[in-house]
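S.K.: sequence plus the predicted model coming up.
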Amino acid sequence: MGQSVIRSLSFAARESRNVVEVLSSRVLLGHTSNREKIVDAARNPMKVYCGFDPTADSLHLGNYLGLVALKWFQLCGHEVFCLIGGSTARIGDPSGKSGERPIMSPKVIERNSVRIEESIKRILGPCVKVVNNLDWIGSLSFLDFLDTIGRKSRVGSMLNRESVRSRLESPTGLSFAEFSYQLLQAYDYAHLYENYGVTLQIGGSDQLGNMQAGVDLAKKFRPDGETLHTLTFPLLTTADGKKYGKTEKGAVWLEADRLSPYSFYQYLVQAQDADVINLLRKLTMLPEESILEAEEELLEAPLSAQRLLAETLTRDLHGEDGLASALKATDLLKPGSIVDRSQLSSELLLSLTGDLPVVTVNRKKLREISLKSVLLMLKLGKRSGLEQLLKDGHGYINNQRLEAGDRRISEDDLLDGQVMLVGAGKKKKGLVRVKDEPGAR
């Protein structure tokens, strides 16, 4: 558990506020089925859930918003459930999509589900209850589905969902499988209520229609049951309304093998001034007084709030070692860095293989390759430009500037016999990895 979460334990206890008020103060409260009733229900311990479809082998920053909301429920004394959509992932939620999602094999979904469960438990701790809707939907036959769920669902209300209407009007249309997605998600809520006593579902604002369908279906199973609630949180956006959490390479993943701690840190530290305070409130568990202090310092200490955001989230998701690695890599890769070779490690360099251009060479051919050849393979410049650059003494190996001219690289340049950092000037850098397989290049 990150330090910001630990600080928030005393913060939440000191405030003794209702979780709905806490979520509102953190800009995490959107539409509710009935705010007053949820506030009243939350005076006692509730059971709440949020769902995650395993469409990838890592959660991303947008998913993390749901986990942060669940953290606040935990801190306020409620029991939280995370539902992994092992069944619904085979169909794909049409909400916000212009076309049908690519079909995923059951093996891929299963592998993704295992990884996501591990991530959830790492973030929320051992007290979180993780369930998979494959356990109750996977065994339903088509006739069971029609008899159990279909009879209790009305096509008119299904057609009125925004996610359905927008797709029906699009050139790609909507498949029957996608049309049925909302019924399966609705059945999740009915199942969790019936078997676990869950009475509140939370989710992103784009899930409102599916969530309400769950309340409606559960009422038809148990007309005399408890009142069920829904609560949405706003999607992660910038001040000008653009979706936040995407890079040129794709999503901002939470797992280090999908996005290095360095890249994760760099994405956050580059947040705009107009967004950073909102992101501190939404994504961290820092006390409000700490966020207000960061807001006051924005003008006097540029990027201080961004560093607080980046360091807090990197620590919470990747631990102290991950943060230390991100900070070392930041110092190493900034233009003009003079980090000494003694401060480099093969582990640090190998963690950057997704952030820098990489070339792999055969160990046996290592001595035949010059620095200029490596820089060309890394596409750090054109031949004539690199020749002049090296002649002027602007070639680097492991951040050490070379004397004028080119030279062969050698085993001695490798860190732990595995990797080296090369540079064409102060800004353009790349990695050389060595493999023992014949012909590697």
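M.R.: Now that the structure is in, tell me what you want to look at.
S.K.: where does this protein dip in pLDDT?
M.R.: Across the chain, the ranges flagged by pLDDT under 70 are 1-16, 96, 98, 247-248, 335-340, 437-441.
S.K.: so where do the strands sit in it?
M.R.: 47-52, 79-84, 129-132, 200-204, 229-233, 246-247, 250-251, 358-362, 395-397, 400-401, 419-424, 428-435 (DSSP state E).
S.K.: pipe the ones you listed into JSON lines and attach mean neighbour count and distance to Phe264 per row.
M.R.: Glycine gets a C-beta too; all of them are placed from N, C-alpha and C. Shown next, in JSON lines, are these (neighbours: other CB atoms under 10 Å; distance: least, CB to CB, whole Å):
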{"stretch": "strand 47-52", "mean neighbour count": "23", "distance to Phe264": "19"}
{"stretch": "strand 79-84", "mean neighbour count": "22", "distance to Phe264": "21"}
{"stretch": "strand 129-132", "mean neighbour count": "18", "distance to Phe264": "23"}
{"stretch": "strand 200-204", "mean neighbour count": "25", "distance to Phe264": "21"}
{"stretch": "strand 229-233", "mean neighbour count": "23", "distance to Phe264": "21"}
{"stretch": "strand 246-247", "mean neighbour count": "14", "distance to Phe264": "10"}
{"stretch": "strand 250-251", "mean neighbour count": "14", "distance to Phe264": "11"}
{"stretch": "strand 358-362", "mean neighbour count": "17", "distance to Phe264": "19"}
{"stretch": "strand 395-397", "mean neighbour count": "22", "distance to Phe264": "26"}
{"stretch": "strand 400-401", "mean neighbour count": "14", "distance to Phe264": "28"}
{"stretch": "strand 419-424", "mean neighbour count": "24", "distance to Phe264": "20"}
{"stretch": "strand 428-435", "mean neighbour count": "20", "distance to Phe264": "19"}
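S.K.: who are the contact partners of the spatially most central residue of the chain?
M.R.: For the chain, the residue nearest the mean C-alpha position is His60 (1.8 Å; CA atoms, centre = their mean). By CB atoms under 8 Å, 6 or more residues apart in numbering, the residues touching His60 are 245, 251-254.
S.K.: again, only this time at 10 Å
M.R.: 236, 245-246, 250-255, 258-259 (CB atoms under 10 Å, 6 or more residues apart in numbering).
S.K.: make JSON lines out of the strands of the chain and add distance to Asp331.
M.R.: Formatted as JSON lines, those follow (distance: least, CB to CB, whole Å):
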{"stretch": "strand 47-52", "distance to Asp331": "35"}
{"stretch": "strand 79-84", "distance to Asp331": "37"}
{"stretch": "strand 129-132", "distance to Asp331": "38"}
{"stretch": "strand 200-204", "distance to Asp331": "36"}
{"stretch": "strand 229-233", "distance to Asp331": "36"}
{"stretch": "strand 246-247", "distance to Asp331": "21"}
{"stretch": "strand 250-251", "distance to Asp331": "26"}
{"stretch": "strand 358-362", "distance to Asp331": "20"}
{"stretch": "strand 395-397", "distance to Asp331": "15"}
{"stretch": "strand 400-401", "distance to Asp331": "15"}
{"stretch": "strand 419-424", "distance to Asp331": "13"}
{"stretch": "strand 428-435", "distance to Asp331": "13"}
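S.K.: what about the residue nearest to Ala271 when sequence neighbours are not counted, neighbour count?
M.R.: Taking CB to CB, 6 or more residues apart in numbering, and ignoring the residues beside it in sequence, Ala271 has Gln306 as its nearest neighbour in space, at 5.2 Å. Neighbours of Gln306 under the rule other CB atoms under 10 Å: 21.
S.K.: Gln306 against Leu313, yeah?
M.R.: No - counting by CB atoms under 10 Å, Gln306 stays clear of Leu313, with 11.1 Å between them.
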